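1. My questions are about this predicted structure, shown below with the sequence.
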Amino acid sequence: MIFYPQERIALFIDGANLYAAARALQFDIDYKRLLELFGAKGRLIRAFYYTALIEDQEYSPIRPLVDWLDYNGYTMVTKPTKEYTDAMGRRKIKGNMDIELAIDVMEMAQYLDHVVLFSGDGDFRRLVEAVQRKGLRVTVVSTIRSSPPMVADELRRQADRFVELQELAPSIMRVHPREESPRPHAAPPGQSAQ
């Protein structure tokens, strides 16, 4: 990763997308270590984390993570999921946060030099192109090493730099207490894929 010491950086984390990518690579993310890693790369202005929450549940498995992130340096952007029935009569839950993330990137652009986008969603290609036209550099963090790859080829090509999530793993993976090495197959407590 190429960063400059005085560069103003912001992280934009598509929570469900990053969770799915880390799970596909079989490791848990330590969000404190993630913040420290990028805080050491330049002037970390803000770290946004986007996730939809199922509001009507008695207990949401992602709630403890959301609360921890909120108290530990992350700017949380959440909204309730929408429930609907598809054409086949199946109950579906929708919780897309793309618009919220895109608006925040555009609003923050004037205060930044470098956007770090944690998502592989190809819908963000135009967003990346738009902030590049404003003079910002964009790094996309996702994975091509999962099967299937979690990053859209068009997003990877548009980014100034693509960082393979698996290469960040040693620096950001959660190391479980009383273990020499992290458990590769553990699912992060307090989070579910959406």
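-> Done, it's in.

2. Look up how far Arg8 lies from the spatially closest residue to Lys94 that is not a sequence neighbour.
-> Computed as CB to CB, 6 or more residues apart in numbering, the closest residue to Lys94 that is not its neighbour in sequence is Lys82, at 4.7 Å. Placement of C-beta: from N, CA and C, glycine included. Relative to Arg8, Lys82 is positioned 35 Å away (CB to CB, to the nearest Å).

3. out of those two, which sits in the busier spot?
-> Counted by other CB atoms under 10 Å, Lys82 and Arg8 do not tie: Arg8 has more neighbours, with 17 against 11.

4. can you confirm Leu34 is in a helix?
-> Yes. Remark: Leu34 belongs to a helix, assigned using DSSP: H, G, I helix; E, B strand; the rest coil.

5. what does the helix or strand of the chain with the lowest mean pLDDT contact?
-> Least confident helix or strand of the chain, by mean pLDDT, DSSP states H and E, is strand 91-94 with a mean of 74. Strand 91-94 has contacts (CB atoms under 8 Å, 6 or more residues apart in numbering) with Ala52, Ile54, Thr81, Lys82, Glu83, Tyr84, Thr85, Asp86, Gln194.
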